[in-house]
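Engineer: Below are the sequence and a predicted model; questions follow.
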Amino acid sequence: MVKSPFNMVEDFLMLNPGPVPLSKNVRDEMSRKLVSHRSSEFGETYQQFRDGLDYVFKHSTIDGRSSTDNGMSIPLMGTATMGMEAAIINLAGPKDEVVALDNGKFGERFVDIADRNCLVKPIRANWGESFDMDSIKETITPNTRIVAMVHQDTSTGIMNPIKEVGEIAKENGAFFVVDGVSCIGGDEFKIDEWGVDVVVADAQKALAAPPGISAIFATENALESFDSTHAGYYLDLPAYVKTTKQNKTPFTSSVPLVRAFVVALENIKEEGIQNRISRHRTQAQANRAALADMGLSMFPNLNDYSNYSNTVTVVNLPDPLSSDSSNFFTTMNQKNVAISGGHAHLKDVVLRLSNMGDLTNAQVLRGIQTIGESLQDCGIDVNTDSAVNIAENTLNY
């Protein structure tokens, strides 16, 4: 029997795909004495915030080179759904066509946002299925104002073909808005090469900051086209652009969350974004290999253009749990580790295991061992020791 590399009575470990565990220095930063969001001290913090976001948005590349030489990061005092909606309604009006791609929970969200505000033209695939590229080429036309797509959908664990869809959007003169929530800070993202005009990121995912605020990166093409006529009051992106350049927000800033986010971004820069991307990819490979050894099949159905996410692994639950998986997830929680089940109709169908943020390899191994032991407790025949060994070998390769 493999000796456990950790004590199973350790602190509660969140391995669900957001929010993710926070480093101690991030948590500590939120307890500092409060200052006014209009103070010069906070203005300096906000400049650090912008610089950190620029680093992550621009340099999430394998070779470390900047993926764009134009545009700006825009912090938002709300979660990523705010960024998704703000991007759509500041680039398109009620009579504009938005092609929204939906093969998971968050693609569905883009469809819903567009449907409430514009003329939506959905491209749908079953959750976890890959998109048909011919259908995308046929649907996006010169009449399309925006193409909206999720890069790595945490509901299904699929990585969608951003580069290929970005090329189609560009050929037709459409803006390309991407939900990069699950990849920014954990995997590569090439703004210019992939034809992206706006990308949305969230604090609570791979960036490993507290939930509650988010950010977008907008290229000059998007910045010059933002129009808040139909954006309402709080989602007025031109107002955010103006005040961001002054190192403040148009409304009250969440001072503790911004401060913590700055420290999280400093942690990323200290690790190095290229090292961080490599670590996320290796940890994802370890999770996939270990779960496969337990007999758990991958949920996403890939084609030549899609891939598995490098920040969350989604697998099918064993048949004996398909009618009621609650006992399994309760058992996980009792062992002080949290993972997630499926959204909506995927409840009792899948389990979702995150490797986002600042996780150590020991924490990844702890998650794998706890999954194996919990499955065994539920009467599923798995070899936990073998799975842990396979993951450990992958991590140490």
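Structural biologist: Nice, I can see it.

Engineer: For the helix or strand hosting Phe110, name the packing helices and strands.
Structural biologist: Take DSSP states H and E as the rule and Phe110 turns out to sit in helix 105-117. For helix 105-117, the packing partners by 3 or more Cβ pairs under 8 Å, 6 or more residues apart in numbering; DSSP states H and E come out as helix 80-91, strand 97-102, strand 119-124, strand 144-150, strand 152-153, strand 175-179. Glycine gets a C-beta too; all of them are placed from N, C-alpha and C.

Engineer: same thing but at 7 Å, please
Structural biologist: Packing partners of helix 105-117 (3 or more Cβ pairs under 7 Å, 6 or more residues apart in numbering; DSSP states H and E): helix 80-91, strand 97-102, strand 119-124, strand 144-150, strand 152-153.

Engineer: most tightly surrounded among those?
Structural biologist: Highest mean neighbour count among the helices and strands packed on helix 105-117 (mean count of other Cβ atoms under 10 Å): strand 152-153, with a mean of 30.

Engineer: That one pairs with which strands, parallel or anti?
Structural biologist: Counting by DSSP bridges, the strands paired with strand 152-153 are strand 158-159 (antiparallel).

Engineer: related to what we said a few turns ago, Serialize the helices and strands packed on helix 105-117 to a markdown table and add fields for distance to Lys163 and mean pLDDT.
Structural biologist: Formatted as a markdown table, the helices and strands packed on helix 105-117 follow (distance: least, Cβ to Cβ, whole Å; pLDDT from 0 to 100):
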| stretch | distance to Lys163 | mean pLDDT |
| --- | --- | --- |
| helix 80-91 | 19 | 98 |
| strand 97-102 | 14 | 98 |
| strand 119-124 | 17 | 98 |
| strand 144-150 | 11 | 98 |
| strand 152-153 | 13 | 97 |
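
Engineer: How about residues contacting the helix holding Phe110?
Structural biologist: 81, 84-85, 88-89, 94, 98, 100-102, 120, 122, 148, 150, 153, 155, 179, 230, 343-344 (Cβ atoms under 7 Å, 6 or more residues apart in numbering).

Engineer: could you dump that helix to CSV, C-alpha only?
Structural biologist: In CSV, the C-alpha atoms belonging to helix 105-117 read as follows (Å, rounded to 0.1, in the frame of the first residue of the first chain):
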residue,chain,number,x,y,z
LYS,A,105,-23.3,26.1,-18.9
PHE,A,106,-21.4,29.2,-19.6
GLY,A,107,-21.9,29.2,-23.4
GLU,A,108,-25.6,29.0,-22.5
ARG,A,109,-25.1,32.1,-20.4
PHE,A,110,-23.7,34.0,-23.4
VAL,A,111,-26.8,32.9,-25.3
ASP,A,112,-29.0,34.2,-22.5
ILE,A,113,-27.2,37.5,-22.2
ALA,A,114,-27.4,38.1,-26.0
ASP,A,115,-31.0,37.1,-26.1
ARG,A,116,-32.0,39.7,-23.5
ASN,A,117,-30.1,42.5,-25.3
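
Engineer: gap between the residue lying closest to Phe12 once chain neighbours are set aside and Met14?
Structural biologist: Using Cβ to Cβ, 6 or more residues apart in numbering and skipping residues adjacent in sequence, the residue nearest Phe12 is Asn336, 5.0 Å away. For Asn336, the distance to Met14 (Cβ to Cβ, to the nearest Å) stands at 10 Å.

Engineer: and those two? which has more neighbours close in?
Structural biologist: Neighbour totals were compared for Asn336 and Met14, and Met14 leads with 20 against 15 (other Cβ atoms under 10 Å).

Engineer: in the sheet, who's paired with the more buried one?
Structural biologist: Ala338.

Engineer: need the contact list for it.
Structural biologist: Under the criterion of Cβ under 7 Å, 6+ apart, the neighbours of Met14 are Val20, Pro21, Ala338.

Engineer: Can you give me the distance of it to Glu271?
Structural biologist: Counting by Cβ to Cβ, the separation of Met14 from Glu271 is 20 Å.

Engineer: what does Ser60 give?
Structural biologist: Note on Ser60: its distance to Glu271, by Cβ to Cβ, is 13 Å.

Engineer: higher neighbour count, these two?
Structural biologist: Ser60 (28 against 13).
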